[in-house]
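S.K.: Build me a model from this:
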Amino acid sequence: MPDPMPADVTGAERVADVLAASYRLTDVDLVRLPVGQGTTNYRVTSRGRTLFVKHYPTRADLAAEAGAIALTQLAGQHGVPVPAVLPTAHGEVIGHHRDVGVSVWEWAPGHTVENGFTAMQQTAAGTALGRIHRLFATHPASSGTPTDLHGWLHPDLTGLAATIDTLLGVIRDRATPDTYDVVAAHTLTERRAALRHVPGLLADLPALTCQVLHGDYSAVNLLFDGDRLTAVLDFRPPSSFLVAFEVGRIAFDPRTVVLSEDWISRGAILVAGYLRENPLAAVADVRSSARVALIQLLTSLYGVRNHYLNPDLLQDDLDAFWLLRHRAAAMLLEHLDEAETALDRTLMQAGHPTRH
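M.R.: All right, here's what the predicted structure looks like:
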């Protein structure tokens with residue numbers, strides 16, 4: 001788990017009230033953690049016990065968040081390593097008191113991987129994801145039509161280019177550009193030019209499967225002890241989306257792509273583990289995973305948009321992540337044919353004939 005950051009005293013006091021009222025947890029020590037975009041998170045110690053607490057925003061859909069916790073529990077019941085959620089004194093998975101909602105979890109052992117997965121970590125991550133997808137394929141929400149799929153398949157490239165121009169204008173208007181401004185201007189200019197590849201990448205996509213996913217299966221939500229996967233964190237509420245999206249996002253994680261010379265074979269290793277656990281996965285979903293990952297990277301300005309238009313509490317991390325993702329997009333774009341050939345080979349080795 002991450003190191004703490006200075007506590008938000010007001011927020012911590014409100015969370016402590018909920019812990020006392022809903023969980024009968026008193027004499028608590030709360031330390032705010034520098035993780036999470038959708039919730040404010042704390043490490044809590046109470047009478048020698050260490051817990052992890054998610055404090056949900058005031059307008060959060062707590063029913064949906066309870067659905068996410070149900071997915072976590074379902075995965076855990078089928079062998080996916082997940083932390084246990086601590087129920088309230090009334091048996092609920094989310095505590096609510098004076099308009100403050102929290103969930104409380106057992107502290108998960110392990111640490112996140114910052115520099116790209118090893119081959120064994122890739123296998124472990126792929127195996128867990130394969131089990132999650134196999135399990136969630138029959139979830140009732142998997143039959144629903146994804147509300148955001150049309151927008152993903154038909155991105156507003158003109159609007160993206162206009163946003164890039166806006167960001168470049170903000171940089172140009174700065175009296176004294178700093179080092180990040182110079183780098184951001186360069187990468188944004190490259191990204192604007194790269195948008196021309198998106199229509200062709202989309203046009204070559206076959207029909208793809210949608211189902212309930214983990215929802216945020218990324219390196220920051222996987223904890224390892226050495227090469228052993230110890231916890232999968234932060235399942236999102238049940239919602240259907242592209243299987244290829246979630247496979248590609250983790251198989252070709254920007255950290256792996258940028259920091260590992262053999263990133264293509266590393267991605268194939270993860271996919272091999274995925275297929276062993278989910279042998280009924282559609283060939284098109286697996287083969288298209290690198291392409292889908294590339295499209296997502298090319299059409300996202302996450303991090304750099306925040307920097308100039310709406311800075312985040314953890315903006316330094318987002319600045320670094322933008323640069324990492326930009327480099328990964330360039331490498332995937334240059335080597336997409338090789339990545340898809342490696343996926344074809346992996347599918348063949350798993351007994352899935354490929355046709356394209």
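S.K.: which stretches of the stretch 251-356 of the chain have low pLDDT?
M.R.: Residue ranges of the stretch 251-356 of the chain with pLDDT under 70: 354-356.
S.K.: Spell out the secondary structure type for V82.
M.R.: Using DSSP: H, G, I helix; E, B strand; the rest coil, the structure places V82 in coil.
S.K.: what's near enough to touch it?
M.R.: Shown in contact with V82 (CB atoms under 8 Å, 6 or more residues apart in numbering): T72, Q73, A75, G76, A231, V232, L233, F235. Quick note: C-beta positions are derived from backbone N, CA and C, even for glycine.
S.K.: for L318, same thing?
M.R.: L318 neighbours (CB under 8 Å, 6+ apart): Y302, G303, N306, H307, D312.
S.K.: what's near enough to touch the closest residue to it other than its chain neighbours?
M.R.: Nearest non-adjacent residue to L318, counting by CB to CB, 6 or more residues apart in numbering: G303, 4.1 Å away. By CB under 8 Å, 6+ apart, the contact list for G303 reads L318, D319, F321, W322, L323, R325.
S.K.: Tell me who's in contact with the fifth one.
M.R.: Translated: L323. Counting by CB under 8 Å, 6+ apart, L323 has contacts V183, T187, G303.
S.K.: Buried residues, the host helix or strand of it. List them.
M.R.: Using DSSP states H and E, L323 maps to helix 315-334. For helix 315-334, burial by neighbour count (16 or more other CB atoms under 10 Å) applies to 318-319, 321-332.
S.K.: show me where this protein has strands.
M.R.: 28-32, 40-46, 49-55, 85-86, 95-97, 100-106, 210-212, 222-225, 228-232, 240-242 (DSSP state E).
S.K.: now the ones you listed as TSV including distance to L167 and mean neighbour count?
M.R.: Compiled in TSV, the strands of the chain are given as follows (distance: least, CB to CB, whole Å; neighbours: other CB atoms under 10 Å):
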stretch	distance to L167	mean neighbour count
strand 28-32	30	18
strand 40-46	28	20
strand 49-55	31	20
strand 85-86	40	18
strand 95-97	39	19
strand 100-106	35	21
strand 210-212	32	23
strand 222-225	31	20
strand 228-232	34	20
strand 240-242	27	22
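S.K.: Would you format the ones you listed as CSV with distance to S260 and mean pLDDT included?
M.R.: Shown next, in CSV, are those (distance: least, CB to CB, whole Å; pLDDT from 0 to 100):
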stretch, distance to S260, mean pLDDT
strand 28-32, 33, 94
strand 40-46, 29, 95
strand 49-55, 30, 96
strand 85-86, 34, 98
strand 95-97, 41, 93
strand 100-106, 31, 97
strand 210-212, 29, 98
strand 222-225, 16, 98
strand 228-232, 18, 98
strand 240-242, 25, 98
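S.K.: okay, these in a markdown table with distance to G200 next?
M.R.: Converted to a markdown table, these look like this (distance: least, CB to CB, whole Å):
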| stretch | distance to G200 |
| --- | --- |
| strand 28-32 | 45 |
| strand 40-46 | 41 |
| strand 49-55 | 41 |
| strand 85-86 | 45 |
| strand 95-97 | 49 |
| strand 100-106 | 43 |
| strand 210-212 | 23 |
| strand 222-225 | 32 |
| strand 228-232 | 35 |
| strand 240-242 | 18 |
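S.K.: Run a quick neighbour tally on G226.
M.R.: 11 (other CB atoms under 10 Å).
S.K.: From G130, how far off is it?
M.R.: 21 Å (CB to CB, to the nearest Å).
S.K.: And E190, by the same measure?
M.R.: 35 Å.
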